[in-house]
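In: After the sequence you'll find the predicted model.
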Amino acid sequence: MVSKIPRPARAIRRGLIVPEVIEATPLNVPDSDALRFLPEGPYQVAPGVFSWVGIQHGASATHGSLNRYDFDSGANVSQDLPGRPGFAFPCQTPNRFVVGCERSLGYFDVVSGDWKPFCDTIDQDVTNTIINDGLPLEDNLIFGTKDLEFATKKAGLYLYRGRDQKLIRLRDDQICSNGKATIVDADRLSLIDIDSPTRQVVRYGLDIDRGTLSAPEVVLDLTSDPAVPDGAILTPDGMGLIVAMFLPQSAAFGETRLYDMASGECRKVWRTPLSPQNTCPALVQHAGKLKLVITTAVENMTADDQAVCSNAGKIFVADSGFDAAKWKSPVFRA
């Protein structure tokens, strides 16, 4: 059966570079159809433990969950949220996460289950959008939203500035705001951003004091690729970008790729066998090594596709090849 599955086009080779290929291993998580529908946003909570969000528990579901997986025990703890989350990051306060859920930012306490929103004016002048991907930067949050019909350029890109609790809309013309990272180069702060339908990775100068972006610069153009760039993270040295590629068709494997930021060359590919819709990568320390965790999704797959792509919706893990001692996962400094 696998031999009949079309393989992704080899659109990632550029120049004379042939990327290293690594096979990722599926975990036995998620273990339900609801949780396998749309996992995203893995993030290290502590060495050996990472969180992830189930954005929604089915095609018509209006809620999702915050999940925490422990490598040592193999256990996943899932807690329902009051809507569909786009991201969740651990805070300095123990047991507390900052979560983007529907159109609100709030704190979720994993012990009490309490949900306390602190900003609920996101995309207030448009309809049918919800919060999607984001990242913490000290006491700030940078995040975007998505049009639920994936059709109209109306989704926002936002800065929530921690020092004055101000919500600043940086853009109002995205469709599905995804992978994000920040780089400091010669005292200049840059934002790496992906609006997935454009199939481009762009770079802006970001001024947090003024709450502004510079004009975008395209750093990766993937418009000829059959897969769509989704979540993304920087390598520990800031020289590379790891991009999860969402391939909306049956395939023998999915791909998460490491691109050199300077040259645009693809240097490494992590394959996810029988799961083509890669959604987000994360780096997680475990047993003295730095692992790459990759979420994948079932969303939009037909029953026939799911029968063939039997690992769809599972979370995968592989060696990252990076030094665990040179990396630390940031927390939200609320």
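Out: Structure's in. What do you need?
In: give me the low-pLDDT residue ranges for the stretch 1-150 of the chain?
Out: 1-16 (pLDDT under 70).
In: one more time with 50, if that's ok
Out: 1-14 (pLDDT under 50).
In: what are the ranges of the strands in it?
Out: Along the stretch 1-150 of the chain, counting by DSSP state E, counting those that start in this stretch, strands occupy 20-23, 25-26, 39-46, 49-54, 65-70, 76-80, 85-90, 96-101, 104-109, 115-119, 129-137, 140-147.
In: relative orientation of the longest one and strand 104-109 in degrees?
Out: Looking back up the chat, that one is strand 129-137. Strand 129-137 and strand 104-109 meet at an angle of 60 degrees, taking axes from the mean of the first three to the mean of the last three Cα atoms, to 10 degrees as the criterion.
In: Alpha carbons of strand 129-137, in CSV - could you do that?
Out: The C-alpha coordinates for strand 129-137 follow below in CSV (Å, rounded to 0.1, in the frame of the first residue of the first chain):
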residue,chain,number,x,y,z
THR,A,129,-11.0,34.6,12.9
ILE,A,130,-9.3,33.0,15.9
ILE,A,131,-5.8,33.2,17.4
ASN,A,132,-3.3,30.9,15.8
ASP,A,133,0.5,30.7,16.3
GLY,A,134,2.7,32.9,18.5
LEU,A,135,5.8,33.2,20.6
PRO,A,136,6.8,34.7,23.9
LEU,A,137,9.6,37.4,24.1
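In: next one: that strand to chain centre, how far?
Out: Mean-position distance between strand 129-137 and its chain equals 9 Å (Cα atoms, centre = their mean, to the nearest Å).
In: Sheet partners, orientation included, of that strand?
Out: strand 140-147 (antiparallel) (DSSP bridges).
In: CA atoms only for the helix or strand just after the strand it pairs with, dumped as CSV, please.
Out: Using DSSP states H and E, the helix or strand that follows strand 140-147 in sequence is strand 155-161. What follows is strand 155-161 as a C-alpha-only set of coordinates in CSV (Å, rounded to 0.1, in the frame of the first residue of the first chain):
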residue,chain,number,x,y,z
ALA,A,155,-6.4,38.1,10.0
GLY,A,156,-4.2,40.1,12.4
LEU,A,157,-0.6,40.0,13.4
TYR,A,158,-0.2,41.3,17.0
LEU,A,159,2.3,42.5,19.6
TYR,A,160,1.0,42.3,23.2
ARG,A,161,3.5,44.6,25.0
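In: Check what contacts the following helix or strand past strand 155-161 and list those residues.
Out: Proceeding N to C from strand 155-161, the next assigned helix or strand is strand 166-174, under DSSP H and E. Identification of contacts with strand 166-174 by Cβ atoms under 8 Å, 6 or more residues apart in numbering yields 119, 121-122, 126, 144-146, 153-161, 195, 211-213. Using the backbone N, CA and C atoms, a C-beta is placed for each residue, glycine as well.
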